[in-house]
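Q: what's the 3D shape of this:
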Amino acid sequence: MNERINRVLEKMKEKGIDQLLVSDPLSIRFLTGIMVNPGERLYALLLRTSGKHTLFLNYLYYVSNTGFEEVWFSDMDDQIGVLMEHIDTKSTLGIDKTWPARFLIPLQERCPEMKTIWGSDCVDGVRAVKNEEEIAIMKQASVINDKVMERVADFIKEGMTEKEVADFIDAEYLKEGASGVSFDTIVCFGANAADQHHTPSETRTLKAGECVLIDMGCIWNGYCSDMTRTFYCKSVDDEQAAIHNLVRTAVEKAESVIKPGVRFCDIDAQARDLIDEAGYSEYWRIRLGHFIGQEDHEYGDVSPINKNVAEPGMIFSIEPGIYLEGKYGVRVEDLVLVTEDGHELLNAVDKKYRIVG
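A: Below is the predicted model of the structure:
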């Protein structure tokens, strides 16, 4: 944990801030090993480049011997006042992305000489580069995801509802030792697949000739997996097969250039240019991918506006799609790990379309 904190402190120095208030519970877990679900209550870790760090804790939280200076308070205490006793109110304070306005604004009002700036990137930039332990965990999470995707492909039958398929996936994760899902499992039949974050229906049944888009992921040892595949029930017509092949090729083109030093906008362009040239630009208007770790969507993305470069240890999705409202949709998604000299796919399930049901 000290190594992670030291990396954050280096980024703070680069940013020119001496103190940073970290409030995202997952970031605090990442830095300390301590997990608290604070709900609406104040919870924060104050990092200082001086090396003295303070954890602010409500008496409700069941933690002890944290290794940090601990400042305890109750619901009835002046919690902003407690913070002010430990923050340099004449200096600049970095603020985390999740700190609620109900705490931030009163602190700003009571400390008019203190400058507050966005500081999340100091922690999120460190979280974006996984160490060997994190990589091993995320690989196993994707192994589970692969297993369950293969099982659901065999499970799907004409006449099933989207909800039946989603429930099967969720149950299989638990059988494999996952603690739950990375996000609500997405199962879409036919025209519903054009809705990119569709909620599985309890009444919509699968018909022959329809697509089956499944976007799914599980949590294993606190880290997420994520993958999408698009299948077809009984048969696939020429138009859908051609679009699926186009999307699959876009995935493969983008993945082929991933290595350290390549800009994310250039990775995005590999897929986007191919789809644009085929005449489907208006049917795909979102980024190519997102970073992933303790959360399914973390800081960082693969998009036309991200000029940052890939670094070893980064893990992100590659997931182009084409969505034709009222007809169907196609998405194919892998997770990719940037290695020292290239990349490694975390998903092994064949990306080619498959006939199911």
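
Q: okay, domains of the protein per the record?
A: Under the assignment the TED database, the domains of the chain span 1-127, 129-355.

Q: report the rounded mean pLDDT for the longest one.
A: Taken as a whole, domain 129-355 carries a mean pLDDT of 98.

Q: can you give me the end-to-end span of that domain?
A: 37 Å (Cα to Cα, to the nearest Å).

Q: related to what we said a few turns ago, of the domains of the chain, flag the one that's most buried.
A: The highest mean neighbour count among those, using mean count of other Cβ atoms under 10 Å, belongs to domain 129-355: a mean of 19. Every residue, glycine included, has its C-beta placed from N, CA and C.

Q: residue contacts, the residue most central in space within the chain?
A: By Cα atoms, centre = their mean, the mean C-alpha position of the chain lies nearest to residue 297, the distance being 2.1 Å. If you count contacts by Cβ atoms under 8 Å, 6 or more residues apart in numbering, residue 297 has them with 290-291.

Q: make residue 1 into 783 and carry on from there
A: In the new count, where the first residue is 783, that last one comes out as residue 1079.

Q: how much space between it and residue 1071?
A: To residue 1071, residue 1079 is 10 Å away according to Cβ to Cβ, to the nearest Å.

Q: what of residue 1088?
A: Counting by Cβ to Cβ - residue 1088 and residue 1071 are separated by 10 Å.

Q: what is in contact with these two at once?
A: Common contacts of residue 1088 and residue 1071 (Cβ under 8 Å, 6+ apart): residue 1050.

Q: pLDDT at residue 783, what is it?
A: With respect to pLDDT, residue 783 has a value of 63.

Q: tell me which strands and helices the helix ranked longest in the chain is in contact with?
A: In the chain, with assignment by DSSP state H, the single longest helix is helix 914-937. Helix 914-937 sits against helix 944-957, strand 993-998, strand 1000-1002, strand 1005-1006, strand 1009-1015, strand 1116-1120, with contacts defined as 3 or more Cβ pairs under 8 Å, 6 or more residues apart in numbering; DSSP states H and E.

Q: C-terminal to the first one, what's the next element?
A: It stands for helix 944-957. strand 962-963 (DSSP states H and E).

Q: before we move on, back to that, how much space separates the residue nearest to the centre of the chain from residue 979?
A: Note on residue 1079: its distance to residue 979, by Cβ to Cβ, is 12 Å.

Q: cool, residue 804 as well?
A: With the distance defined as Cβ to Cβ, residue 804 ends up 29 Å from residue 979.

Q: where along this protein do the helices fall?
A: Under the criterion DSSP H, the chain carries helices at the ranges 784-797, 807-814, 861-866, 883-892, 902-909, 914-937, 944-957, 1020-1038, 1046-1059.

Q: who wins for proximity to residue 877 among the ones you listed?
A: Among the helices of the chain, the nearest to residue 877 by Cβ to Cβ is helix 883-892 (6.3 Å).

Q: which residues touch the closest one?
A: Contacts for helix 883-892 (Cβ under 8 Å, 6+ apart): 824, 861-863, 865-866, 877, 896, 898.

Q: so who does residue 1091 touch?
A: If you count contacts by Cβ under 8 Å, 6+ apart, residue 1091 has them with 1042-1046.

Q: let's see that with 10 Å instead.
A: Applying Cβ atoms under 10 Å, 6 or more residues apart in numbering to residue 1091 gives the contacts 1041-1049, 1120.

Q: on that earlier part again, what's the overlap in contacts for residue 1079 and residue 1071?
A: 1008, 1099.

Q: name the nearest of the contacts of helix 883-892 relative to residue 835.
A: Closest to residue 835, out of all of the contacts of helix 883-892 and judged by Cβ to Cβ, is residue 865, at 14.1 Å.

Q: does the closest one really touch residue 827, like I thought?
A: No: with contact defined as Cβ atoms under 10 Å, residue 865 does not count as touching residue 827 (11.9 Å).

Q: what sits against the residue nearest to residue 1031 when sequence neighbours are not counted?
A: Once flanking residues are discounted, residue 1031 sits nearest to residue 1056: 6.5 Å by Cβ to Cβ, 6 or more residues apart in numbering. Residues in contact with residue 1056 (Cβ under 10 Å, 6+ apart) are 1028-1029, 1031-1036, 1062, 1102.

Q: how far away is residue 874 from residue 799?
A: Residue 874 is 5 Å from residue 799, by Cβ to Cβ.

Q: between those two, which contacts overlap?
A: 897, 899, 901.

Q: any chance of the contacts of residue 1056 in a markdown table, plus distance to residue 964?
A: Output for the contacts of residue 1056, formatted as a markdown table (distance: Cβ to Cβ, whole Å):
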| residue | distance to residue 964 |
| --- | --- |
| 1028 | 27 |
| 1029 | 22 |
| 1031 | 26 |
| 1032 | 23 |
| 1033 | 19 |
| 1034 | 24 |
| 1035 | 26 |
| 1036 | 21 |
| 1062 | 28 |
| 1102 | 20 |
